[in-house]
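*Asks:* Turn this into a structure:
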Amino acid sequence: MLKGNFFRGLGYLGEGFGLIRQPGLRLFVVIPLIINILLFGLLFYFLAELFTAMIAAAMAWLPDWAWLQALDWLFWLLYGVVILLMLAYGFVIVANLIGSPFYGYLAELTEKQLTGQEVSTDDSWSAIIKDIPRALWREVQKIAYYLPRALGLFIIGLIPVVNLVAAVLWFLFNSWMMALQYVDYPADNHKVSFPALRKLLGDTRLSALGFGLPVALAAMVPVLNLFVVPAAVCGATAYWVRENGSNTQ
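*Replies:* Below is the predicted model:
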């Protein structure tokens, strides 16, 4: 039986957008935001041709059946949604690889603001720099978890008719991945391993899906996806404090 509260989970991203405006958190929002703007500009440059090529390749696999040709617009829409979801999470993966040391510290500051308690006593820039290799390794673990499952869903999405189910599975999977991606920052600050985090989020899966869904949708919207990453980190920290933090004490 699924546990948690889906509608409560929906509220955490909105809370995150409120938190990133707090004076004590702005610096660690602005620095990765500048990095994300540069990154997004490069990705957007290549997006149009890549999207067209992937759609054309997928459509070429369809049999030449009359009723399938009549539903040509629907398959364009379904494949478009799947590819946009892949590209959206692809952007998030690269952005988080670059900004992960900042996001870990942003989660620390957010938790301190929410609870009034210190997570770490070393808040210097040298500590952030020293933490870069470990933060990058944590991101690699998330990518290793994501890629084989994403590949399986992508292959399913290429099968006519079955891709109707694949589109729904993609939304659910990306919502789950967004929750894993961002709640991992406060969890990592508390030395919770990535496998242990998956179990913790599984214990409140409805809340996790509720949090991850709007993050996944916002990640597909140009410009908005630049701001959603730091907001999701702050929202995920609020999620951690209220949903899972007590389970690790």
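
*Asks:* Which helix or strand contains the residue nearest the centre of the chain?
*Replies:* By Cα atoms, centre = their mean, the chain has its centre lying nearest to residue 178, at 3.0 Å. Assigned by DSSP states H and E, residue 178 falls within helix 163-189.

*Asks:* And the helix or strand just after that helix, what does it pack against?
*Replies:* Heading C-terminal from helix 163-189, the first helix or strand you meet, by DSSP H and E, is helix 194-203. Contact partners of helix 194-203 among helices and strands, from 3 or more Cβ pairs under 8 Å, 6 or more residues apart in numbering; DSSP states H and E: helix 132-157, helix 163-189. For glycine as for every other residue, the C-beta is placed from the backbone atoms N, C-alpha and C.

*Asks:* Buried deepest among those, which one?
*Replies:* helix 163-189 (a mean of 22; mean count of other Cβ atoms under 10 Å).

*Asks:* Going by residue numbers, what spans are strands in this structure?
*Replies:* In the chain, no strands are defined using DSSP state E.

*Asks:* For it, name the helix or strand with the lowest mean pLDDT.
*Replies:* Across the helices and strands of the chain, mean confidence by mean pLDDT, DSSP states H and E is lowest for helix 66-70: a mean of 54.

*Asks:* how many degrees apart are the helix holding residue 178 and helix 132-157 in direction?
*Replies:* 170 degrees (axes from the mean of the first three to the mean of the last three Cα atoms, to 10 degrees).

*Asks:* Tell me which other helices or strands helix 163-189 touches.
*Replies:* Applying 3+ Cβ pairs under 8 Å, 6+ apart, one finds that helix 163-189 contacts helix 72-115, helix 132-157, helix 194-203, helix 205-219, helix 224-239.
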